[in-house]
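**Q** got a predicted structure plus its sequence, pasted below:
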Amino acid sequence: MAKPLHLRHKTRVLLLQKLFERYVKNKSIQVFDQSDIDFQSLLQINGFQDYAKELYEKLSSCVSKNLATIDSKIQVYSTERNIDTLPLIDICILRIAVCEKYFARTAEDKVIINEAIELAKEFGGIEDGAFVNAILDNMFKKEAKVTS
C-alpha cells in the first residue's frame, strides 16, 4: 500500500509538472503565467484532492522572478555539464530546490534535498536522484562554509 503524500510534496509535484509543461510548450518558463493553469485537471490526473496553494504561488513566482540567478547557481555546481545539456526534469527539480533554499526559504536544507531526491526518483531516470543530491549537497555545503 502506497503511503499518502504530504500536502507540500503534492504541491512540489504540481509545480514540477507545470514548470516542465511550460518549458515544453514555450521553450521558456519566463512566460510562466499562473492564470492559465488548470489545477482541477492536474489535480485529477495526479489523484490529488488538494495542494498547498500559498506554497505553490510562492514557489512559482520565485522561480520565474529569479530564473537567471537560479540557473547560474545550478551551472556553477554542475561542473561537468552545461545546464542546457541536463535533462529538463532535473533542471526543473533543481530550480525548485534552489528557489526554496535561497529565495523562498520555505524549508530546511535537509528537507529541500530530500524532496528534490524524491521528485527525481519519481519523475526522472535511474540515476537522477543521485545526480540531484550531488549538486544540491555540494551547493548547500560549500555555500554554508562561505557564509559561516
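**A** Noted; the coordinates are in hand.
**Q** for this structure, what spans make up the helices?
**A** Secondary structure of the chain (DSSP state H): helices at 7-26, 39-46, 53-65, 67-77, 88-99, 109-123, 128-147.
**Q** most packed of the ones you listed?
**A** Counting by mean count of other Cβ atoms under 10 Å, helix 88-99 has the highest mean neighbour count of the helices of the chain, with a mean of 24. In this view, the C-beta of every residue, glycine as well, is placed from N, C-alpha and C.
**Q** does anything pack onto that one? Which helices or strands?
**A** Judged by 3 or more Cβ pairs under 8 Å, 6 or more residues apart in numbering; DSSP states H and E, helix 88-99 is in contact with helix 7-26, helix 53-65, helix 67-77, helix 109-123, helix 128-147.
**Q** that one - what's its average pLDDT?
**A** Across helix 88-99, the average pLDDT comes to 95.
**Q** measure how it sits relative to helix 109-123, angle-wise.
**A** Our comparison of helix 88-99 with helix 109-123, counting by axes from the mean of the first three to the mean of the last three Cα atoms, to 10 degrees, yields an angle of 160 degrees.
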